[in-house]
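S.K.: Structural data only, the sequence is not supplied:
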């Protein structure tokens, strides 16, 4: 396998995993919003987990 093909395969995998991660994060946010709604507890959760995403 040539270097260009390896690089293309690596880039494709990164793109696929990034899209999957964004989709799963969106699903997580929908589930949290459905379960808890807009409340002080939900705001606290988002503030507490924000440093993990940086």
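M.R.: Okay, I see it. If you're wondering where the values come from, they're calculated on a predicted model, not measured in any experiment.

S.K.: If you count contacts, what does the helix or strand of the chain with the lowest mean pLDDT end up packed against?
M.R.: Confidence across the helices and strands of the chain bottoms out at helix 40-53, with a mean of 80, counting by mean pLDDT, DSSP states H and E. With contacts defined as 3 or more Cβ pairs under 8 Å, 6 or more residues apart in numbering; DSSP states H and E, helix 40-53 has these neighbours: helix 3-36. Using the backbone N, CA and C atoms, a C-beta is placed for each residue, glycine as well.

S.K.: ok and the least confident helix or strand of the chain relative to helix 3-36, angle-wise?
M.R.: Between helix 40-53 and helix 3-36, the angle comes out at 160 degrees (axes from the mean of the first three to the mean of the last three Cα atoms, to 10 degrees).

S.K.: So what's the gap between helix 40-53 and the chain middle?
M.R.: Here the centre of helix 40-53 is set off from its chain's centre by 15 Å, with Cα atoms, centre = their mean, to the nearest Å.

S.K.: Need the contact partners of it.
M.R.: 32-33, 36 (Cβ atoms under 8 Å, 6 or more residues apart in numbering).

S.K.: Mind doing that once more with 7 Å?
M.R.: Applying Cβ atoms under 7 Å, 6 or more residues apart in numbering, the contact partners of helix 40-53 are 32, 36.

S.K.: Tell me, how many residues neighbour residue 42?
M.R.: Per other Cβ atoms under 10 Å, the neighbour tally for residue 42 reads 14.
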